[in-house]
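S.K.: give me the fold of what follows.
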Amino acid sequence: MKAKHFVQENLTSITEDICKLVSINTVNDTARPGKPFGDGIDKGLKFLLKIGKELGFDTNNFDGYVGEISIGSGNETIGILGHVDVVEGGDGWKTDPFQATVISETIYGRGTVDDKGPLICSLYAMKYLKEQGMIPSNKKIKMIIGTDEERTWQGINYYKERSNDIPKSSIVVDGNFPIIYCEKGLIDFNLHYKRKKTDKEKIFINYLKGGTGRNVVPAEAECELSWDDLNESDVNKILEFLCGEDIFTERRSKDKLYLKVKGIATHAVNPEKGKNALSELLQILKNLSEYIGFTANAFIEDYNRAIGSSCHGELLGLEMEDKESGKLTFNVGRVSMKSKEIMLECNIRYPATCAYQNICEQMKQELNILNFEYEEVDHLLPIFLEQNDTIVKELMRAYQEVTNDFNTPPLAIGGATYARALEHAVAFGPIFPGQEDLTHEANENISISDVEVITEIYIEGLLRLLEQ
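M.R.: Model (predicted):
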């Protein structure tokens, strides 16, 4: 039977299984014995393993951290990696995010795209290959189901420490078509700044806050300033200056002033598309200091020397790019302040062909000069496969064979997909070129026609990898 006919015959079952899985709330929750990420994720994982068992596959549950569904007995393993956990529903939905709803041949619900829909499509692709006897005796296909991708990747790390059969090449159903062959390196870090009050300073920051996380450009930032010995004339000059700026001000007493700046939030992958409210606020304060002639809090000066309004780390000597993945990006996503310290939560996405060690050494050297202490939180190495790599070539051909799209090239991105979890893994769907990406957004959905095509692509892609 041809793959297209198989998918059409099984489309109702595929759709029903997607709806059942989406209707299980698999947001990370309180750990319980044997359920490290809560009842919902455990239920979702067991549901997938149950489908795998019913379809005639071997299954394995790694203590609730990861599930395996496999077919074949060979020693060459092709992996399919995805995750059953999802982010919270959030606001703005026209349907219940945890009750799959079909409207106009489209399934709405959290996880339809990320990753419950494509996981079910992959299972039925495996079913087709099994029924058609297309799995060679020396090959095996193994689906690996993660449970904590949206947070700390504990599940897949637990699996890697315990499995004795990690695939040498894998499809990751957690990205875009036609294929993602290159992902920038990612560094999450904090910058600590010890506050110092000196005799030279005449203005002080009582509090400073803004941003929601290191991976998002801050949409708002606010602070309260105070002073000890500015005369009323100087205070009036400050207020006059601020009237010409895009900033909300409120005088709270004779020696205190509240300031708030609006920015434009965007993902840290492309910080230049947003407007960093924190950087805007601190630039205004720097300009104010120069205008009125008082010495600002030292942090304001050092921030503008080290970071300022730059999005590419230029002031730290980090301006670099490559042909494959573009420019390094630098984002300060959140600021918090204690009595003796200001902390910045930051993120860097660096070009795939640049050396992590060189970037860190350069950054630390410059930051130390400017009184910032660097603390690394996480680091993900880049992914870079040559476009003539077998897995890239064969999956591209599979996508083109099914869609007749010969114009869209392989993708290089600044984001981080689950492909980083395994060796020689590439993100392969489910989002099509030009399609709105509602991953983590309200009204996440997948059309049933896309489900049909995605399943065909996964059949063709797996078949080509089995033939290598």
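
S.K.: residue 465 should be in a strand, yeah?
M.R.: No - counting by DSSP: H, G, I helix; E, B strand; the rest coil, one finds residue 465 to be helix, located in no strand.

S.K.: in stretch 335-350, which residues are buried?
M.R.: 335, 337, 342-350 (16 or more other CB atoms under 10 Å). In this view, the C-beta of every residue, glycine as well, is placed from N, C-alpha and C.

S.K.: would you map the helices across the protein?
M.R.: 3-22, 39-54, 116-131, 154-162, 232-243, 277-292, 298-306, 356-369, 390-403, 448-466 (DSSP state H).

S.K.: and of those helices, who's closest to residue 260?
M.R.: Between residue 260 and the helices of the chain, the tightest spacing by CB to CB is seen for helix 277-292, at 8.1 Å.

S.K.: worst average pLDDT in the helices of the chain?
M.R.: When the helices of the chain are ranked by mean pLDDT, helix 232-243 comes last with a mean of 84.

S.K.: helices or strands up against that helix?
M.R.: Packing contacts for helix 232-243, counted by 3 or more CB pairs under 8 Å, 6 or more residues apart in numbering; DSSP states H and E, involve strand 248-253, strand 256-262, helix 277-292.

S.K.: now the ones you listed in JSON lines, with distance to residue 158 and mean neighbour count?
M.R.: Output for these, formatted as JSON lines (distance: least, CB to CB, whole Å; neighbours: other CB atoms under 10 Å):
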{"stretch": "strand 248-253", "distance to residue 158": "48", "mean neighbour count": "11"}
{"stretch": "strand 256-262", "distance to residue 158": "43", "mean neighbour count": "18"}
{"stretch": "helix 277-292", "distance to residue 158": "37", "mean neighbour count": "20"}
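
S.K.: what's the closest of those to residue 91?
M.R.: Short answer: strand 256-262, nearest of the helices and strands packed on helix 232-243 by CB to CB, at 20.2 Å.

S.K.: does residue 103 touch residue 95 like I think?
M.R.: Yes - here residue 103 lies in contact with residue 95, judged by CB atoms under 8 Å, at a distance of 7.4 Å.

S.K.: nearest to residue 42, out of the helices and strands packed on helix 232-243?
M.R.: Of these, the one closest to residue 42 (CB to CB) turns out to be helix 277-292, at 39.8 Å.

S.K.: roughly how far is that closest one from the heart of the chain?
M.R.: 31 Å (CA atoms, centre = their mean, to the nearest Å).

S.K.: who touches that helix?
M.R.: Residues from elsewhere that reach helix 277-292 (CB atoms under 8 Å, 6 or more residues apart in numbering): 203, 210-211, 218-223, 225, 234, 237-238, 241-242, 245-247, 259, 261-263, 295-296, 300-301, 303-304, 307-309, 332, 335.

S.K.: mind saving the C-alpha coords of that helix as PDB?
M.R.: Written as PDB, here are the backbone C-alpha positions of helix 277-292 (Å, rounded to 0.1, in the frame of the first residue of the first chain):
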ATOM      1  CA  ALA A 277      12.800  49.100  28.300                       C
ATOM      2  CA  LEU A 278      15.600  48.600  30.800                       C
ATOM      3  CA  SER A 279      18.300  49.800  28.400                       C
ATOM      4  CA  GLU A 280      16.100  52.700  27.400                       C
ATOM      5  CA  LEU A 281      15.600  53.700  31.100                       C
ATOM      6  CA  LEU A 282      19.300  53.500  31.900                       C
ATOM      7  CA  GLN A 283      20.200  55.500  28.800                       C
ATOM      8  CA  ILE A 284      17.800  58.200  29.700                       C
ATOM      9  CA  LEU A 285      19.300  58.400  33.200                       C
ATOM     10  CA  LYS A 286      22.800  58.600  31.800                       C
ATOM     11  CA  ASN A 287      21.700  61.500  29.500                       C
ATOM     12  CA  LEU A 288      20.000  63.100  32.400                       C
ATOM     13  CA  SER A 289      23.200  62.900  34.500                       C
ATOM     14  CA  GLU A 290      25.100  64.700  31.700                       C
ATOM     15  CA  TYR A 291      22.500  67.300  31.300                       C
ATOM     16  CA  ILE A 292      22.100  68.400  34.900                       C
END
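
S.K.: quick one: contacts for residue 48?
M.R.: Taking CB under 8 Å, 6+ apart, one finds 21, 67, 69, 84, 119, 123, 145 in contact with residue 48.

S.K.: which residues does the last one bridge with?
M.R.: In this structure, residue 145 bridges to residue 67, residue 82 when assessed by DSSP bridges.

S.K.: got it, and residue 35?
M.R.: residue 32.

S.K.: residue 139 contacts residue 72, doesn't it?
M.R.: Yes - counting by CB under 8 Å, residue 139 does reach residue 72; the two are 5.5 Å apart.

S.K.: my guess is residue 408 contacts residue 433, does it?
M.R.: Yes - judged on CB under 8 Å, residue 408 makes contact with residue 433 at a distance of 4.6 Å.

S.K.: those two: which is more packed in?
M.R.: residue 408 (17 against 14; other CB atoms under 10 Å).

S.K.: and the more buried one, what pLDDT?
M.R.: 97.

S.K.: quick one, what contacts it?
M.R.: So residue 408 contacts 177-178, 433 (CB under 8 Å, 6+ apart).
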